[in-house]
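Asker: could you work out the structure for the sequence below:
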Amino acid sequence: MNPFCKPLARSGWFQLFLSGLVLSTFGSSAEDKFKTDSLPLPSTLAVASGKRLGTDQNGVIRLCGPGDSGNAAVSQQVTPTGKPPPPPPPPTVLPAGMRSWECVPGVIRDDGVDSFRLEVDANGVVGQVILSLAAGSLAFVTGTNSQNLHDDGLNGDRIAGDRIFTSERIRYNGSSPFGGNLYGDPLSPAGILFESLGDLSVVETNGVTNRFLIGPTVGLLSTTVPLAESHQLASNVLISPYLVNVSTVFTNGRQTQKAIRAGSMSSMNGVTLPVYSILPDAFDFFIFFSMDHVESVPFSGSSGNFVAGAHLAAQVKYTGTGLATNNNQSGYFGSSGRLLGLNILDTATRGISDGICTHELLHQWVSFTSGSLGLNFDGSHYSAACSANSLVGGTH
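Answerer: Reported below is the predicted structural model:
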């Protein structure tokens, strides 16, 4: 099963891998394949080494985010080549001080015909939003490779004046070789590539220019890869083998990205409840990811922008890990008692790797030893002084 079944990633759509069954499709971590000087955390945001998950292919440090307490129809078949209409654009649903980008759709074919647009939610009044495509395999359908995005309701922009800025159509131009396996790993899917668009800048009304820590990325899918068959089970739920798309346009939107930035999964029942309303209570874990991306502005002011993965234990029904066994929030998320935990992976190459996914899954059981033993420093990661040699910290 390839994770790039179409249709994928319209505004407000989220993807879930179920029960950890597709770990092998993630391949090796991007940091295993790309060695660069890392972009350091600002000194005011420094964190202990156990929470660091290496760097992404652009050298940006990845952090493990905290979990929290969590206090918290008729089937319609869609043909393998069919595309349901995109949902209406969400209102500006971001908290103050946050912005987002999303490629719509999030994946295109490498045929030189399929195209997408970049949408940027400025979440307020700005002077300009500018996208300069890097010299590579992507190009605007018309015009130069540096263009202003627009919010006038024309040429693909969905609503005028909603402060969501839209680009001209962009497509694969065939100038760069396309082939091989994701991340260059033979155990990862063939014919799949994440491509960075280039430089995205937002010019404020006072002339200051802000950028995203993680720039926009689109998925490319080779024409040699067949599309996975999908089925629309409800207006907001589309499924294919191992993958569920859940639209949250009408329930406040962008749930996974807001949750990973806020360090709280209490709102994720807005994604899980629609799943349990249609599918059986048969899942041990949900693994969420999205093709949109949300950040606080400026990016250097929040450690949440650097978080690439997060975990929440929905229940503990075993002993010996150091966690209290009276923790059971599975019902809050719609499970009748089977669900163990929830995981969130950040966008594209930031989070979709075996190292980050496995790290977050391991947090269901480790590391919860007493801090007085000196083995961990924050209640869930082994300290650098510990010889555990674990994916969740320790000496490597």
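
Asker: point out where the stretch 201-350 of the chain drops to low pLDDT.
Answerer: Low-confidence segments of the stretch 201-350 of the chain (pLDDT under 70): 250-252.

Asker: hey, where'd the strands end up in it?
Answerer: 209-211, 217-221, 230-234, 237-240, 243-247, 285-289, 292-296, 307-313, 341-345 (DSSP state E, counting those that start in this stretch).

Asker: and the fourth one, what does it pack against?
Answerer: Okay, so that is strand 237-240. If contacts are counted by 3 or more CB pairs under 8 Å, 6 or more residues apart in numbering; DSSP states H and E, strand 237-240 sits against strand 230-234, strand 243-247. Just so you know, the C-beta spots here come from the backbone N, C-alpha and C atoms, and that holds for glycine as well.

Asker: can you put those strands in JSON lines and add mean neighbour count and distance to residue 393?
Answerer: Shown next, in JSON lines, are those (neighbours: other CB atoms under 10 Å; distance: least, CB to CB, whole Å):
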{"stretch": "strand 230-234", "mean neighbour count": "19", "distance to residue 393": "39"}
{"stretch": "strand 243-247", "mean neighbour count": "23", "distance to residue 393": "30"}
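
Asker: nearest to residue 181, out of the ones you listed?
Answerer: Of all the helices and strands packed on strand 237-240, it is strand 243-247 that lies closest to residue 181, at 19.0 Å by CB to CB.

Asker: alpha carbons of that closest one, in CSV - could you do that?
Answerer: C-alpha atoms of strand 243-247 as CSV (Å, rounded to 0.1, in the frame of the first residue of the first chain):
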residue,chain,number,x,y,z
LEU,A,243,-5.2,4.7,5.3
VAL,A,244,-8.1,6.9,6.3
ASN,A,245,-8.7,10.5,5.1
VAL,A,246,-10.8,12.5,7.6
SER,A,247,-12.0,16.0,6.7
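
Asker: what strands flank that strand, and is each parallel or antiparallel?
Answerer: strand 13-18 (antiparallel), strand 237-240 (antiparallel) (DSSP bridges).

Asker: residues in contact with residue 315?
Answerer: Contact analysis of residue 315 by CB atoms under 8 Å, 6 or more residues apart in numbering lists 327-330, 337, 339-340.

Asker: so which of the residues you listed wins on neighbours?
Answerer: Among the contacts of residue 315, residue 339 has the most neighbours (other CB atoms under 10 Å), with 24 neighbours.

Asker: excluding chain neighbours, what is closest to that residue?
Answerer: In space, and not counting its chain neighbours, residue 339 is closest to residue 330: 4.2 Å by CB to CB, 6 or more residues apart in numbering.

Asker: ok, the one you found touching residue 317?
Answerer: No: using CB atoms under 8 Å, residue 330 is not in contact with residue 317; the gap is 9.4 Å.

Asker: residues shared between the contacts of these two?
Answerer: Joint contacts of residue 330 and residue 317 (CB under 8 Å, 6+ apart) do not exist.

Asker: re the thing from before, how about TSV for the contacts of residue 315, with distance to residue 206 added?
Answerer: Conversion of those to TSV gives the following (distance: CB to CB, whole Å):
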residue	distance to residue 206
327	47
328	50
329	44
330	48
337	54
339	47
340	48
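
Asker: got the domain ranges for this protein?
Answerer: 14-81+227-365, 88-226 (automatic domain parsing).
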